[in-house]
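Peer 1: A predicted structure for the sequence below; I have some questions about it.
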Amino acid sequence: MQPANRQLRRRAVIAAAIGNFITWFDFAAYGFLAVTLGKVFFPSQDPTLSLLSTFAVFGVAFLMEPVGAFFFGRLGDRIGRKAVLATVILLMSLSTFTVGLLPGYETIGVSAPVLLLVMRLLQGFAAGGEPGGAATFLAEYSEQNKRAQTVSMWHASSYLSNAGASLLILGLNAGLSAEAMLSWGWRVPFLIAAPVGLVGLFVRLKLSDTPEFERLKESGEVSHHPVRDALTGSWKQILQVFGCGALQYAAFYFTNIYMETYIHSELGYSEVSAAVSTVVCLAVASVGIFVFARISDRVGRRPILRIATICSALFTFPMFLVINSGSLPAVILGHTLLGICLAMFMSASGAALVEIFPSRVRYAGFSIGFNMAGAVFGGTAPYLATALIAGTGSSLSPAFILIGTAVIALIAITTMRETAGPKASVAATADVARS
């Protein structure tokens with residue numbers, strides 16, 4: 001099977017990026033609108049209780065991700081990457097669009113948060129098929145010596161979705177009154193999922209499946225039981241993905257989503273200042289991720305991953321001290337440094353965590369490990385951070401969430417084989433080369 005040409009690779013990147021953008025745009029919009037959604041769906045005399053309720057429903061979606069991972073991961077390794085990714089983007093777009101149509105608590109009472117919960121569960125189910133599919137799709141379309149650079153487009157689209165959601169919500173808050181925002185303004189970010197989703201679906205349907213999956217079909221190597229085969233033959237790799245995913249999920253949702261609420265609600269800065277800090281962080285990180293990915297393709301995955309986790313473990317608490325120093329420039333600086341540590345990690349993690357799996361169980365194996373980490377560490381990060389602050393009275397306490405997950409990731413990295421650079425193992429190089 002000949003490798004994909006440049007035009008096909010470009011189309012593959014666009015197809016993966018659009019779907020990933022929609023998936024995480026919804027999660028970002030929900031996180032950035034947490035205070036507003038708390039008033040719409042969970043009105044309470046206690047703002048902290050409303051915020052906790054909102055983040056609880058935010059986190060529940062992640063509990064469905066492993067279910068989606070098992071379901072879509074199995075299909076992705078049996079019938080192909082393309083068909084599953086098209087299904088995922090359709091399901092995510094429809095459920096997100098429906099959130100924008102939901103009536104609030106004042107209109108239908110307790111049915112409002114129940115319907116929101118149902119839609120979030122459906123979104124979580126769909127999201128369970130996106131990371132494994134997008135990362136596998138990009139890895140199998142990429143050139144071997146540029147795999148981290150290509151797969152990092154998956155992460156870059158996540159950063160862009162967060163930045164886009166933040167800017168849109170900033171514009172809505174600036175252009176609408178508080179009453180209009182509570183009445184209908186909050187619906188806008190969810191309603192635009194429909195037209196963007198149709199574009200993404202069209203692009204994904206126009207592509208052929210990956211060259212590697214076509215090779216598997218031609219050679220008769222397609223797994224008939226990919227979930228079982230992954231759990232029995234690649235359980236160690238699944239645990240490694242889970243360990244690395246612990247830091248990636250916790251840091252991503254804390255740094256890129258919850259931090260905006262933290263800066264506004266806990267530190268007392270305006271919504272505009274909080275959004276500016278988020279956008280600066282995301283802009284710098286989205287550039288940094290490509291720089292580090294390029295280095296990773298040359299020196300290997302493990303050195304970059306190891307440095308990123310050590311920096312996260314050692315420097316997160318000092319960065320929180322800077323963020324809490326009482327100066328907006330210091331807030332933006334500390335926030336951006338957190339984002340750079342995460343960008344360094346994500347620059348190599350996407351390619352590394354796909355490459356360690358045999359291609360016949362790659363979609364399933366990666367999806368299971370990654371989304372299990374999301375269920376445990378992703379959705380809980382904002383809720384746990386809010387609860388820690390409420391329980392301890394210290395705005396510095398959330399730092400220990402990132403420190404703890406960095407230690408977990410470091411343990412996982414020490415057990416991983418190198419799949420790129422001069423120290424790549426022979427087995428890893430052979431499997432990657434076939435892809």
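Peer 2: Yep, it's here. Numbering: from 1, shown residues only.

Peer 1: Skip the chain neighbours and tell me the closest residue to residue 76.
Peer 2: Leaving aside its chain neighbours, residue 76 sits nearest to residue 363 (3.4 Å; criterion: Cβ to Cβ, 6 or more residues apart in numbering). Heads up, the C-betas are built off the backbone N, CA and C, glycines and all.

Peer 1: That neighbour: neighbouring residues, count only.
Peer 2: Residues near residue 363, counting by other Cβ atoms under 10 Å, number 35.

Peer 1: Also residue 297?
Peer 2: Counted by other Cβ under 10 Å, the residues lying close to residue 297 total 25.

Peer 1: what does residue 405 give?
Peer 2: Neighbours of residue 405 using other Cβ under 10 Å come to 28.

Peer 1: now residue 273
Peer 2: Residues contacting residue 273 under the criterion other Cβ under 10 Å number 17.

Peer 1: Give me the nearest residue to it, chain neighbours excluded.
Peer 2: Per Cβ to Cβ, 6+ apart, closest to residue 273 is residue 328, 5.7 Å.

Peer 1: all helices for the stretch 1-150 of the chain, in order.
Peer 2: Listed in chain order, the helices of the stretch 1-150 of the chain (DSSP state H, counting those that start in this stretch) span 6-32, 34-41, 47-78, 81-99, 105-108, 111-127, 130-141, 147-175.

Peer 1: Identify whichever of the ones you listed lies nearest to residue 332.
Peer 2: Taking Cβ to Cβ, helix 147-175 is the member of the helices of the stretch 1-150 of the chain nearest to residue 332, at 13.4 Å.

Peer 1: okay but the residue nearest to residue 273 is in contact with residue 270, surely?
Peer 2: No. Residue 328 is beyond contact range of residue 270, at 9.4 Å (criterion: Cβ atoms under 8 Å).

Peer 1: Between those two, which is the more surrounded one?
Peer 2: Comparing residue 328 with residue 270 by neighbour count (other Cβ under 10 Å), the higher total belongs to residue 328, at 16 against 12.

Peer 1: who's in contact with that one?
Peer 2: Residues near residue 328 by Cβ atoms under 8 Å, 6 or more residues apart in numbering: 269, 273, 277.

Peer 1: and which of the residues you listed is nearest residue 163?
Peer 2: Closest approach between the contacts of residue 328 and residue 163, by Cβ to Cβ: residue 277, at 11.8 Å.

Peer 1: any idea which helix or strand carries that closest one?
Peer 2: helix 271-299 (DSSP states H and E).

Peer 1: With residue 237 instead?
Peer 2: In this structure, residue 237 sits in helix 235-253 according to DSSP H and E.

Peer 1: Give me the buried stretch members for that helix, please.
Peer 2: Neighbour counts using 16 or more other Cβ atoms under 10 Å place 237-238, 240-253 of helix 235-253 among the buried residues.

Peer 1: Which elements pack onto the helix or strand following that helix?
Peer 2: Later in the chain than helix 235-253, the nearest helix or strand by DSSP H and E is helix 259-261. Counting by 3 or more Cβ pairs under 8 Å, 6 or more residues apart in numbering; DSSP states H and E, the packing neighbours recorded for helix 259-261 are helix 6-32, helix 271-299.

Peer 1: Pick the most buried one from those.
Peer 2: Highest mean neighbour count of the helices and strands packed on helix 259-261: helix 6-32, a mean of 23 (counted as mean count of other Cβ atoms under 10 Å).

Peer 1: Which strands and helices lie in contact with that one?
Peer 2: By 3+ Cβ pairs under 8 Å, 6+ apart, helix 6-32 packs against helix 47-78, helix 81-99, helix 111-127, helix 130-141, helix 147-175, helix 188-191, helix 193-206, helix 259-261.

Peer 1: quick one, whatever helix or strand the residue nearest to residue 76 lives in and helix 130-141 angle?
Peer 2: Here residue 363, judged by DSSP H and E, is contained in helix 362-373. Angle of helix 362-373 versus helix 130-141, following axes from the mean of the first three to the mean of the last three Cα atoms, to 10 degrees, is 140 degrees.

Peer 1: Any regions of the stretch 251-400 of the chain where pLDDT drops low?
Peer 2: Within the stretch 251-400 of the chain, the ranges that satisfy pLDDT under 70 run 379.

Peer 1: burial of the nearest residue to residue 51 once chain neighbours are set aside, as a residue count?
Peer 2: Computed as Cβ to Cβ, 6+ apart, the closest residue to residue 51 that is not its neighbour in sequence is residue 38, at 5.2 Å. For residue 38, the neighbour count with other Cβ under 10 Å is 21.

Peer 1: now do residue 225
Peer 2: 14.

Peer 1: do you know how far it is from residue 85?
Peer 2: Relative to residue 85, residue 225 is positioned 21 Å away (Cβ to Cβ, to the nearest Å).

Peer 1: of all the buried residues of helix 235-253, which comes closest to residue 316?
Peer 2: Nearest member of the buried residues of helix 235-253 to residue 316, counting by Cβ to Cβ, is residue 251, at 8.8 Å.

Peer 1: tell me which element the residue nearest to the closest one when sequence neighbours are not counted is part of?
Peer 2: Closest residue in space to residue 251, ignoring its immediate chain neighbours: residue 342 at 4.6 Å, by Cβ to Cβ, 6+ apart. According to DSSP H and E, residue 342 maps onto helix 328-355.

Peer 1: buried sites along that helix?
Peer 2: Of all the residues in helix 328-355, those buried under the rule 16+ other Cβ under 10 Å are 328, 331-355.

Peer 1: Over to stretch 215-222?
Peer 2: 215, 216, 222.

Peer 1: Please export the alpha-carbon coordinates of it; PDB is fine.
Peer 2: Provided in PDB are the C-alpha atoms of stretch 215-222 (Å, rounded to 0.1, in the frame of the first residue of the first chain):
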ATOM      1  CA  ARG A 215      -3.700  -2.600   3.900                       C
ATOM      2  CA  LEU A 216      -5.300  -4.500   6.800                       C
ATOM      3  CA  LYS A 217      -8.300  -5.300   4.700                       C
ATOM      4  CA  GLU A 218      -6.300  -6.400   1.700                       C
ATOM      5  CA  SER A 219      -4.100  -8.700   3.800                       C
ATOM      6  CA  GLY A 220      -7.000 -10.100   5.800                       C
ATOM      7  CA  GLU A 221      -5.600  -8.800   9.100                       C
ATOM      8  CA  VAL A 222      -8.600  -6.800  10.300                       C
END
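
Peer 1: What about the buried residues of stretch 215-222, which are in helices?
Peer 2: The helices, defined by DSSP state H, take in 215, 216 from these.

Peer 1: re the thing from before, now the angle from the helix holding residue 342 to helix 362-373?
Peer 2: Counting by the same axes, to 10 degrees, helix 328-355 lies at 140 degrees to helix 362-373.
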